[in-house]
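Enquirer: Sequence plus predicted model, see below.
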Amino acid sequence: EIVMTQSPVALSVSPGERVTLSCRASQSVKSYLVWYQQKRGQAPRLLIYGASTRATGVPVRFSGSGSGTDFTLTISSLQPEDFAVYYCQQHDIWPLTFGGGTKVEIK
Amino acid sequence: EVQLLESGGDLVQPGGSLRLSCAASGFIFNSYAMSWVRQAPEKGLEWVSTLTGSGYSTYYADSVTGRFTISRDNSKNTLYLQMNNLRAEDTAVYYCAKGGSFQSSYYMDVWGNGTTVTVSS
């Protein structure tokens, strides 16, 4: 099983700041990596697929990068509606696995 | 607009059974893989099972293999999850999710709002 490790587990950020979230795979998943956003009490929402392609309707302040084992989700200027938990998921090898999530909180 | 509506969640005793349903609309149902993902209270996301669009291939997490069965009725645009021999650790919100259109397609590009399963005596 591929283990997905996200860091940090949580971070406190002020609106307008740049945020960088990390996701590391225990072995290469090529670019078969997606990011989701989950707000409290809501279902997850797809943000990024193919490691770097924004899903439909996702603001341009969200960007993804990386391949192989190391991936990054960047929010260029955090907006109030971006406070949420972010998960990465690999879909290269069964079983599908998620990272433990990074909680982005208001500072 | 793509919509997924789960139903069937309930309170059930350990060892009991439950069948979840997910009614899909707004897309060509039999063209996409469909998955179930769960989230225990205050925990992260856990993939449970995936079924290809044709229905020929199924995949399960080790934690549910032999107890859960995923299926679909393409004539009714509905996905199912039959859950048997339920355990306390199966307590979670269960999300139905549509597969994507890129690469392997085994990621989730649209999610339902979830249905709650509680296993307790």
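Expert: Perfect, I can see it now.

Enquirer: now what about stretch A:97-107, what contacts it?
Expert: Applying CB atoms under 8 Å, 6 or more residues apart in numbering or on different chains, the contact partners of stretch A:97-107 are A:1-15, A:19, A:21, A:23, A:38, A:75, A:78, A:80, A:82-90, B:44-47. Just so you know, the C-beta spots here come from the backbone N, C-alpha and C atoms, and that holds for glycine as well.

Enquirer: If we use 6 Å, what do you get?
Expert: The contact list for stretch A:97-107 (CB atoms under 6 Å, 6 or more residues apart in numbering or on different chains) reads A:2, A:4, A:6, A:10, A:12-14, A:21, A:23, A:83, A:85-90, B:44-45.

Enquirer: again, but for stretch B:3-17
Expert: For stretch B:3-17, contacts defined as CB under 6 Å, 6+ apart pick out B:18-26, B:84-86, B:96, B:112, B:115-119, B:121.

Enquirer: I'd like the average pLDDT over it.
Expert: For stretch B:3-17, mean pLDDT is 98.

Enquirer: Any idea how many residues pack against A:S14?
Expert: Neighbour count of A:S14, defined by other CB atoms under 10 Å in any protein chain shown: 8.

Enquirer: Count the residues that sit near the residue lying closest to it once chain neighbours are set aside.
Expert: In space, and not counting its chain neighbours, A:S14 is closest to A:K107: 4.6 Å by CB to CB, 6 or more residues apart in numbering or on different chains. Applying other CB under 10 Å, we find 10 other residues in the vicinity of A:K107.

Enquirer: What distance do you get for A:K107 to chain B?
Expert: Going from A:K107 to chain B by CB to the nearest CB, to the nearest Å gives 22 Å.

Enquirer: Could you measure from that residue over to A:L78?
Expert: A:K107 sits 10 Å away from A:L78, going by CB to CB, to the nearest Å.

Enquirer: Next, A:E17: secondary structure please.
Expert: Secondary structure for A:E17, judged by DSSP: H, G, I helix; E, B strand; the rest coil, is coil.

Enquirer: give the contact list for it.
Expert: By CB under 6 Å, 6+ apart, the residues touching A:E17 are A:L78.

Enquirer: what's the nearest residue to B:V2 if we skip its chain neighbours?
Expert: Take B:V2 and drop its neighbours on the chain: the residue closest to it by CB to CB, 6+ apart is B:G26, 4.1 Å away.

Enquirer: That neighbour touches B:N77, doesn't it?
Expert: No - counting by CB atoms under 6 Å, B:G26 stays clear of B:N77, with 9.5 Å between them.

Enquirer: okay, these two: which has more neighbours?
Expert: The residue with more neighbours, out of B:G26 and B:N77, is B:N77; 17 against 12, by other CB under 10 Å.

Enquirer: residues touching the more buried one, list them.
Expert: B:N77 is in contact with B:A24, B:F29, counting by CB under 6 Å, 6+ apart.

Enquirer: One more: B:G26?
Expert: Residues counted as contacts of B:G26 (CB under 6 Å, 6+ apart) are B:E1, B:V2, B:Q3.

Enquirer: can I get those residues in a markdown table with neighbour count and secondary structure?
Expert: Converted to a markdown table, the contacts of B:G26 look like this (neighbours: other CB atoms under 10 Å in any protein chain shown; DSSP: H, G, I helix; E, B strand; the rest coil):
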| residue | neighbour count | secondary structure |
| --- | --- | --- |
| B:E1 | 6 | coil |
| B:V2 | 12 | coil |
| B:Q3 | 13 | strand |
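
Enquirer: Identify, from those residues, the entry nearest to chain A.
Expert: Of all the contacts of B:G26, chain A sits closest to B:V2, with 10.5 Å by CB to the nearest CB.
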